[in-house]
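>>> quick check, what structure comes out for this input:
(chains A and B)
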Amino acid sequence: MYLHNTYTKQKEEFKPIETNKVRVYSCGPTVYSHPHIGNFRSFIAADILCRYLRYKGYQVIQVMNITDVGHLTTDDNLTSDEEGIDKIQLAAEAEKKSPLEIARFYTDKFFHLAKTLNLHPASHYPRATEHILEMIELIKKLLERGYCYEREGNIYYRISKFPNYGHLSGNTLENLIAGARVDIRGEKENPLDFALWKHDPKHLMQWDSPWGKGFPGWHLECSAMSLKYLGRTFDIHTGGEDNIFPHHECEIAQSEAYTGQPVVRYWFHTKHLLVDNQKMSKSSGNFYTVEDILNKGYHPMVLRYALMSSHYRQQMNFTIEGLNSARGAVERLINFKRMIEKKSGASGAINSETLITDTKKAFEDALDDDLNISGALGTIFNMINEINKLQISGTEALFIKEEFYNFDKVLGILEMDTPETLDKEIERLIKEREQARENKDYKQADQIRETLKKKGIILEDTSQGTKWRKELSRWDRLL
RNA sequence: GGCGCGGUACCCAAGUAGAAAGGGAGCGGUCUGCAAAACCGUAAUGCGUGGGUGCAAAUCCCACCCGCGCCUCCA
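Down below sits the predicted model:
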């Protein structure tokens, strides 16, 4: 399996530190507002990565942090004319709640949506506020070694002590400085030095430390928590491309100064998505939250498919048209799945063994190549086309079903197709229509079909009677 | 200014040297009471533009045009 490594800017063969175990750290949400589809694009990319590693037989330990303190509106690494404000605090003031209430509310929201979009649960979800002691320990060690210094209760990382700073992002110190947006805070030795601990009496969250009351810098939590849950060097670190600098750059500086060894073997970064060809960001307001999309009636598996179906290292342009296209693709998968399930039985021969073997190989070859998901999906659709042409036996359907479900362990789409129920009224209409059809009262039958269609129920008359399904873009409006 | 990504049919999107995957939309057809599903047929003599190297280029090299991202809150 090959993965693109941001650190080396190359595709590299993936070899875990421990033969059968893969340790993954995924940058999780800062819990201060509603998660948007861009957030979930990178969470889903990380999910597909972990799912495929499991598919390949690895035991995966995935840690996803919940940032509930320290993430400022302005990073102090560069910039600025004004001090950044903690995002959680800002939300707390806006919503007139405590930081704790804000964090809890949006953490719950995140978990709910993660489940809705079928993200496989991580092994640990450590919270920054629950690891203050670990962070303080880390700072102590870095102070001892001269990697940071104190000014007025603030602790700053001494960039000049870490020559490798800038390697991940490709920024050199000169370029960063030449980039002009450089801090003017006089108390730093170097404008690029970043805070590990901040002293700010106005901050609502305060912890005791050897340097007085304060709160931790954002970058520090990931160093402290990855160290605690994954050890000094782990396999893969995931995140959005915007995390490359400064967040992950700073993380490397902290962790490696602390342990004296490389912290991450493979850096995995998901490109941002655009909305209608424009950058989506919270500040410019052109964004969809996950709930916005679900509230339009799209089934979560349609959104999941849309967000995962283009390559993670490719900018993705999110549009409603694209979402509808995804709906069509998911419908095709679902129809196939239901057909296979219906046919599964215990008689007949298997003739499609070669087809399945070939598909499996092509599927894995695609994913082995830096998670080429579009290629992998293509192989599945090819298989569906071939099988649909055949008259398959019950045994064969069973056999195909098994492999098909195996593919879906990576995709995580079909798992979301759960049995649906109808309300009494709709059930009655379907029965009524069946009766009408028996009486050859087709006018009545077609009228009922129309009525149900308006409610998002599609009917199919088959030799085994009338089947029904819900339209995937009329999801929560039903019943 | 620094770093980086991309331009393949109406839309989305694989393919990175040797017969242009796949999904969606459209059109025609088979099946069906009508539909739906499924199937069959139909779409780039062509892969941003212009050169070059090769027996062979969407794929390599050079130049140019266009779109976008990160470096600033953001996944």
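>>> contacts, neighbours, all on C-alpha from now
Fine.
>>> by mean pLDDT, point me to the weakest helix or strand of chain A.
Here the helix or strand of chain A ranked lowest by mean pLDDT, DSSP states H and E is helix A:173-178, holding a mean of 67.
>>> run through the strands of the stretch 301-450 of chain A in chain order.
Along the stretch 301-450 of chain A, the segments classed as strands by DSSP state E, counting those that start in this stretch run A:316-318.
>>> same check, this time on the stretch 101-250 of chain A
Under DSSP E, counting those that start in this stretch, the stretch 101-250 of chain A gives strands at A:148-151, A:154-157, A:195-198, A:215-216, A:234-240.
>>> could you work out which of those reaches nearest to A:Gln254?
Closest approach to A:Gln254 among these (CA to CA): strand A:154-157, 7.9 Å.
>>> what helices or strands is the closest one leaning on?
For strand A:154-157, the elements it packs on are strand A:148-151, strand A:195-198, judged by 3 or more CA pairs under 8 Å, 6 or more residues apart in numbering; DSSP states H and E.
>>> where do the helices of the stretch 201-350 of chain A begin and end?
Under the criterion DSSP state H, counting those that start in this stretch, the stretch 201-350 of chain A contains helices at A:218-230, A:249-259, A:290-295, A:300-308, A:320-343.
>>> in JSON lines, list those along with distance to RNA strand B.
Shown next, in JSON lines, are the helices of the stretch 201-350 of chain A (distance: least, CA to the nearest atom of the strand, whole Å):
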{"stretch": "helix A:218-230", "distance to RNA strand B": "9"}
{"stretch": "helix A:249-259", "distance to RNA strand B": "11"}
{"stretch": "helix A:290-295", "distance to RNA strand B": "12"}
{"stretch": "helix A:300-308", "distance to RNA strand B": "8"}
{"stretch": "helix A:320-343", "distance to RNA strand B": "3"}
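>>> adding mean neighbour count, mean pLDDT and distance to A:Lys141, write these out as a markdown table.
Below are these laid out as a markdown table (neighbours: other CA atoms under 10 Å; pLDDT from 0 to 100; distance: least, CA to CA, whole Å):
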| stretch | mean neighbour count | mean pLDDT | distance to A:Lys141 |
| --- | --- | --- | --- |
| helix A:218-230 | 23 | 95 | 12 |
| helix A:249-259 | 22 | 94 | 7 |
| helix A:290-295 | 17 | 93 | 41 |
| helix A:300-308 | 24 | 95 | 41 |
| helix A:320-343 | 16 | 94 | 50 |
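>>> out of the ones you listed, which comes closest to A:Asn118?
It's helix A:300-308; of the helices of the stretch 201-350 of chain A, that one is closest to A:Asn118 (CA to CA) at 8.1 Å.
>>> that closest one vs helix A:320-343, what angle?
Between helix A:300-308 and helix A:320-343, the angle comes out at 120 degrees (axes from the mean of the first three to the mean of the last three CA atoms, to 10 degrees).
>>> what about A:Lys431, neighbour count?
12 (other CA atoms under 10 Å).
>>> without its sequence neighbours, what residue ends up closest to the closest residue to RNA strand B within chain A?
Proximity to RNA strand B, evaluated over chain A using CA to the nearest atom of the strand, is greatest for A:Gly240 at 2.2 Å. Computed as CA to CA, 6 or more residues apart in numbering, the closest residue to A:Gly240 that is not its neighbour in sequence is A:Thr270, at 4.7 Å.
>>> where does the stretch 101-250 of chain A dip in pLDDT?
Filtered on pLDDT under 70, the stretch 101-250 of chain A yields the residue ranges A:176-186.
>>> quick revisit: hang on, the residue of chain A closest to RNA strand B packs against A:His248?
No. With contact defined as CA atoms under 8 Å, A:Gly240 does not count as touching A:His248 (10.3 Å).
>>> which residues of the stretch 301-450 of chain A lie near RNA strand B?
Selection of the stretch 301-450 of chain A residues close to RNA strand B by CA under 7 Å from any atom of the strand yields A:310-311, A:313-317, A:321-322, A:324-329, A:331-332, A:335-336, A:372, A:374-379, A:381-382, A:384-386, A:388-389, A:437, A:442-443, A:445-446.
>>> now with 6 Å, please.
Counting by CA under 6 Å from any atom of the strand, the stretch 301-450 of chain A comes close to RNA strand B at A:310-311, A:314, A:316-317, A:322, A:324-326, A:328-329, A:332, A:335, A:372, A:374-375, A:377-378, A:381-382, A:385, A:388-389, A:437, A:442-443, A:445-446.
>>> now, of those, which are buried?
By neighbour count, with 16 or more other CA atoms under 10 Å, these hold A:310-311, A:316-317, A:324, A:326, A:329, A:372, A:374-375, A:377, A:381, A:445 as buried.
>>> farthest pair in these?
Top of the distance list for those (CA to CA): A:Asn372 and A:Ala445, 46.3 Å.
>>> the helices of the stretch 201-350 of chain A into a markdown table, with extra columns for distance to A:Thr129?
Conversion of the helices of the stretch 201-350 of chain A to a markdown table gives the following (distance: least, CA to CA, whole Å):
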| stretch | distance to A:Thr129 |
| --- | --- |
| helix A:218-230 | 9 |
| helix A:249-259 | 17 |
| helix A:290-295 | 26 |
| helix A:300-308 | 30 |
| helix A:320-343 | 37 |
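>>> what sits against the closest residue to A:Leu429 other than its chain neighbours?
Excluding the flanking residues, the one nearest A:Leu429 by CA to CA, 6+ apart is A:Ile448, at 6.8 Å. Contact partners of A:Ile448, counting by CA atoms under 8 Å, 6 or more residues apart in numbering, are A:Leu429, A:Ile430, A:Arg433.
>>> out of those, list just those in helices.
A:Leu429, A:Ile430, A:Arg433 (DSSP state H).
>>> how about A:Gln444, what does it touch?
Contacts of A:Gln444 by CA under 8 Å, 6+ apart are A:Arg433, A:Ala436.
>>> same deal with A:Leu323?
Counted by CA under 8 Å, 6+ apart, A:Leu323 has contacts A:Val302, A:Leu303, A:Ala306.
>>> distance of the second one from A:Glu187?
In other words, A:Leu303. Per CA to CA, to the nearest Å, A:Leu303 is found 48 Å from A:Glu187.
>>> and the last one, by the same measure?
In this structure, A:Ala306 and A:Glu187 are separated by 48 Å, where distance is defined by CA to CA.
>>> could you do A:Gln278 as well?
Taking CA to CA, one finds A:Gln278 at 39 Å from A:Glu187.
>>> one more: A:Glu331?
For A:Glu331, the distance to A:Glu187 - CA to CA - is 60 Å.
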